[in-house]
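Undergrad: got a predicted structure here, sequence first:
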Amino acid sequence: MSITHHLDDATLMSFAAGALPAALSAVAAAHVAMCARCRSEVVALECVGAALLSALTDAHMERTEPETPSAADQPSAQQRREAAAAPIESPTPLARLLPGGLDAVRWRRLGFGIWHRRLAIEGSGALGLLRVAAGRMVPEHGHGGAELTLVLRGSFHDTTGRYRTGDVADLDATVEHEPVADRGPDCICLVASETPARFRGLIARLMQPWHGL
Amino acid sequence: MADLLRRVAERADTTAFRELYQTYGPRVKAYMMRRGADAGTAEDLAHETLFTVWRRAALYRAEKGSAASWIFAIARNLRIDRLRREVPWQQLPQELLEEASGDALPDAALAEKERHARINAALSGLPPEQHEVVVLSYLEGLSHGEIAQRLGLPLGTVKSRIRMAYQKVRAALEDLR
């Protein structure tokens, strides 16, 4: 998989810090699981967390002595072998989100070659899947707040380039871009917005003649 | 630290664990309190963090990051899980996914020390306004939007400060990676 569109530096740092809103964090985690470059950035950024943690003034502990832990709690040789054998993509954050995989998704048709599926998430923001037929425009899902779009299947393009499987669009809200799904299989994206998504952009666009067809 | 973790992993060494606990327990407790946990909850979470370290120590890999950053990642995920009441979507630390290497790299401990020294130097060399947004992200756990609100700054300013801080940290680590 050759990934060319990555998470923004500010997003990566917030992700490694554990400060990204839940929905955005889900998409960031899915991208990081697919992207060696961003994984290695996260490792470096976790060192920043370690440095800040190490520099904290110690809080007073009531229990200064831990109970003696049991060796039985550590993984067995068998478990270690299994962990080693598991492919790096599994278990991914994505597998937890989509236990049946992309083909088991029950889509809600929005019309004009666009389908949507909301994914339940605890915490802030909205998370969902978008499926867009070739030549159709990928609707905006946030309105104003941060949004992340990760391509899971197919591809789309806009003025900032072409986004294929594994690529993430982490664009400033002020960037005017009109992403259009490419020819081929329907483009499926995992999308998150910081503010609840109500597809205002989509409804507005459905009322207008299509551009870019 | 990497050495203590190795003793825990290879020999289930409870003395090494005690030392890790006494070094990190109070810091992890402080970290939990920064996110608003009361002292009792924070201490419980510190315990849980260190016992997770015990359980998973054998899966830790030195070349995937320092022992301290691995402990940080465990504490961070636990904090997200318990204190934000949100599902921990964070990528799990690498140790779950790959087998622990039998022997640590000979220079792993040295590299860890060096990396920490460089990061500390980079952090303390940051202009105060960049240092502030990094601390608010990592220790308070505030999103970009929350930082903007807290500091009364435009969102774009918060993001560009974070990016600049990141670039300095990255530059400090460049030849180590």
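TA: Nice, thanks for sending it over. Numbers count the residues shown, from 1 in each chain, chains lettered A, B, ... in the order given.

Undergrad: which helix is the longest one in chain B?
TA: When chain B is parsed with DSSP state H, its longest helix is helix B:14-34.

Undergrad: touching chain A at all, that helix?
TA: Yes: judged by Cβ under 8 Å from any Cβ of the partner chain, helix B:14-34 and chain A are in contact via B:14, B:17-18, B:21-22, B:24-31, B:33-34. (C-beta placed from N, C-alpha, C; glycine too.)

Undergrad: give me the buried subset of those.
TA: B:14, B:17-18, B:21, B:24-31, B:33-34 (16 or more other Cβ atoms under 10 Å in any protein chain shown).

Undergrad: roughly how far does residue B:121 sit from residue B:132?
TA: Counting by Cβ to Cβ, to the nearest Å, the gap from residue B:121 to residue B:132 is 18 Å.

Undergrad: I'd like the distance between residue B:143 and chain A.
TA: Distance of residue B:143 to chain A, computed by Cβ to the nearest Cβ, to the nearest Å: 5 Å.

Undergrad: with residue B:129 instead?
TA: Distance from residue B:129 to chain A, by Cβ to the nearest Cβ: 15 Å.

Undergrad: wait, doesn't residue A:6 sit right on residue A:38?
TA: Yes: if you go by Cβ atoms under 8 Å, residue A:6 and residue A:38 touch, sitting 5.6 Å apart.

Undergrad: please enumerate the helices of chain A.
TA: Under DSSP H, chain A gives helices at A:9-17, A:22-34, A:36-54, A:77-85, A:93-97, A:200-206.

Undergrad: closest one to residue B:58 among these?
TA: helix A:77-85 (6.1 Å; Cβ to Cβ).

Undergrad: OK, contacts around the spatially most central residue of chain B?
TA: Taking Cα atoms, centre = their mean, the centroid of chain B lies closest to residue B:72, which sits 2.5 Å from it. Contact analysis of residue B:72 by Cβ atoms under 8 Å, 6 or more residues apart in numbering or on different chains lists A:46, A:49-50, A:53.

Undergrad: need phi/psi at it.
TA: Here is the backbone geometry of residue B:72 (degrees, to the nearest 10): phi -60, psi -50.

Undergrad: distance check, it against residue A:18.
TA: With Cβ to Cβ as the criterion, residue B:72 and residue A:18 are 9 Å apart.
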